[in-house]
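Colleague: Sequence isn't available, so here's the structure alone:
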């Protein structure tokens, strides 16, 4: 076809080809954005959120060293965790805790592909937060408070482990029932999680410190080089998380979550 009509048809063909190229490019960009939001952004949020949580938690403990008591650390940990979960929950779930990530995965609330990256991101964030706290505070206060690290005495290591199991059980039950289980999940979950952390620190802080979070123990341990009975703060929370999974999967979960009595 020649003449004006042929030129118009040729122009339309070029425009259609351009539109198809734009759509293909847009599809590629959308796919990359989706991959980032699904796999990369949640891990970055877990690292960032954990660093803030550990920073505030350690700062509360160090700042409380001259007049020791459980109220200041309990309120600080509970408030910052509740706020962080509310802000970042829609991006990563707002775990900031390897024991929470483990329990949520085993209850069907996240993919296996994200479990290890989440835990590594949380541990990295904990080291960042603890290191910032170390730089910020005077060395005398930092050393006197062990930098906010946990120290289970050898004589009471069994009691400390049991305390960590029970406190983590309470925390992970609230997290999983409030966010994963369809029959009981609620938009008030961040508020409930923050209150639970505060209550557990008040209840078990004098026994084990009520860590309930291996990352919260790991970051200050690295920064302060304080490893006395550090395993307690991995074994206790892990066992507490596994108990939560057992209760929810066998007894308390909805029909989709339970593995028996369907």
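Modeller: In hand now; what should we look at? Everything numeric here is computed off the predicted structure, so don't read it as measured data.

Colleague: For the stretch 151-262 of the chain, which segments count as helices?
Modeller: Along the stretch 151-262 of the chain, the segments classed as helices by DSSP state H, counting those that start in this stretch run 157-179, 189-204, 214-224, 232-247.

Colleague: Can you classify residue 109 as helix, strand or coil?
Modeller: Following DSSP: H, G, I helix; E, B strand; the rest coil, the label given to residue 109 is coil.

Colleague: how about it, what does it touch?
Modeller: Applying C-beta atoms under 8 Å, 6 or more residues apart in numbering to residue 109 gives the contacts 93, 176, 179-180. C-betas here are computed from N, CA, C, even on glycine.

Colleague: Do me a favour and average the pLDDT over whichever helix or strand residue 34 is part of.
Modeller: Assigned by DSSP states H and E, residue 34 belongs to helix 3-35. Here helix 3-35 scores 57 as its mean pLDDT.

Colleague: Give the next helix or strand downstream of that helix.
Modeller: Scanning onward from helix 3-35 (DSSP H and E), the first element met is helix 41-63.

Colleague: Which elements pack onto that following helix?
Modeller: In terms of contacts (3 or more C-beta pairs under 8 Å, 6 or more residues apart in numbering; DSSP states H and E), helix 41-63 is packed against helix 71-92, helix 112-136, helix 139-144, helix 214-224.

Colleague: run the last query once more with 6 Å
Modeller: When contacts are defined as 3 or more C-beta pairs under 6 Å, 6 or more residues apart in numbering; DSSP states H and E, helix 41-63 packs onto helix 71-92, helix 112-136, helix 214-224.

Colleague: Which of those helices sits closest to residue 262?
Modeller: Of all these, it is helix 112-136 that lies closest to residue 262, at 22.8 Å by C-beta to C-beta.

Colleague: sec struct for the residue positioned nearest the centre of the chain, please.
Modeller: Most central in the chain under C-alpha atoms, centre = their mean is residue 96, positioned 1.7 Å from the mean C-alpha point. Assigned by three-state DSSP, the conformation of residue 96 is coil.

Colleague: Number of residues surrounding the nearest residue to residue 219 once chain neighbours are set aside?
Modeller: Of all residues not flanking residue 219 in the chain, residue 126 sits nearest, at 2.8 Å (C-beta to C-beta, 6 or more residues apart in numbering). Per other C-beta atoms under 10 Å, the neighbour tally for residue 126 reads 32.

Colleague: Check the gap between residue 126 and residue 97 for me.
Modeller: Distance check for residue 126 against residue 97: by C-beta to C-beta, to the nearest Å, it reads 10 Å.
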